[in-house]
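Trainee: have a look; sequence and predicted model below, questions after that.
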Amino acid sequence: MSDAQKDPWARFRSATRARIALGRSGDALPTGALLEFQLAHARARDAVHSAVDFDRLAADLAPLETLRVHSAAADRPTYLRRPDLGRRLDPASAAALPGGEWDLLFVIADGLSAAAVQVNAAPLVHACVARLGHPRIGPVVLAGQARVALGDEVASAMGARLVALLVGERPGLSAAESLGVYLTWDPKPGRADSERNCISNIHADGLSIGTAADKLCWLATEAARRRLTGVALKEDAPSLAGPDDGRLSGAIEG
């Protein structure tokens, strides 16, 4: 009897990280499947509660200039209980932000997965900078205990026309290192989620850094050309599956 006949679900399990056809032992999961579930759950909890090493992240981003800010959530427990505080800067950070005129600002927020930010954020920023050429890109802002909307306040204070906020996504039981990007034209406090474009599921077993950079740079270029983001900006590029070291034509000045 072939392996497929012994276990007809084997070929489906090989094609997905989802937990399917786990079998059973009596009225419970087999021991192996149960231990794998508990390990995935532990990794997800670690991703949420661990802290980003911002010193290491700044080194990974070199030679790009970086700035540090913090949300109004003083610590991790407060951040998890009070999402509203994670959307606002603390007064000291707000006062220290330099003004300027930038075409694009990258903000890296720890969000709900420190692992996602530590592994994926710097490579994605470097890939985007290489593709975009030489628009006026501001210092990369590293934001602690931060949620998506915090990028609007940061970018507005710094005079950026467009902000790309990279954030650790809420971990699931099959991916604890997934990064998301939220792109917003004319960022300012009070922007709605419908006014942003989102690229999600960026990790080793999901959307690759190269493809994510292609998508983000295409959207950024179109956002600047059309002066909008959100539901009115559809991702309809002819092809976003180019090589990881490819450059997009044009830039986002204008």
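Mentor: Great, that's in hand.
Trainee: which pLDDT value goes with the residue lying closest to V125 once chain neighbours are set aside?
Mentor: The shortest distance from V125 to any non-neighbouring residue, by Cβ to Cβ, 6 or more residues apart in numbering, is to F106 (5.3 Å). (Glycine included, C-beta is placed from N, CA and C.) Here, the pLDDT recorded for F106 equals 98.
Trainee: which residues sit against the helix or strand harbouring F106?
Mentor: According to DSSP states H and E, F106 maps onto strand 105-109. For strand 105-109, contacts defined as Cβ atoms under 8 Å, 6 or more residues apart in numbering pick out 57, 117, 121, 125, 128, 137-143, 146-148, 150-151, 154-155, 158, 160, 162-168.
Trainee: quick one: the strands in the stretch 151-254 of the chain?
Mentor: 162-168, 179-185, 196-202 (DSSP state E, counting those that start in this stretch).
Trainee: tell me which of the ones you listed is the most buried.
Mentor: strand 162-168 (a mean of 28; mean count of other Cβ atoms under 10 Å).
Trainee: send over that one as PDB, restricted to the C-alpha atoms.
Mentor: Output of strand 162-168 as PDB, limited to C-alpha atoms (Å, rounded to 0.1, in the frame of the first residue of the first chain):
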ATOM      1  CA  LEU A 162       3.400  59.800   2.800                       C
ATOM      2  CA  VAL A 163       4.100  57.400   5.700                       C
ATOM      3  CA  ALA A 164       4.700  53.600   5.500                       C
ATOM      4  CA  LEU A 165       4.300  52.100   9.000                       C
ATOM      5  CA  LEU A 166       5.800  48.700   9.500                       C
ATOM      6  CA  VAL A 167       4.200  46.700  12.400                       C
ATOM      7  CA  GLY A 168       4.400  43.300  13.900                       C
END
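Trainee: pull up the pairing partners for it, direction included.
Mentor: strand 105-109 (parallel), strand 179-185 (antiparallel) (DSSP bridges).
Trainee: nearest to D214, of those?
Mentor: Taking Cβ to Cβ, strand 179-185 is the member of the strands paired with strand 162-168 nearest to D214, at 12.2 Å.
Trainee: just want the most central residue of the chain.
Mentor: Against the mean C-alpha coordinate of the chain, by Cα atoms, centre = their mean, the closest residue is G180 at 2.6 Å.
Trainee: how near is that one to G32?
Mentor: 32 Å (Cβ to Cβ, to the nearest Å).
Trainee: coming back round to it: buried stuff in the strand holding F106?
Mentor: Within strand 105-109, the residues scored as buried using 16 or more other Cβ atoms under 10 Å are 105-109.
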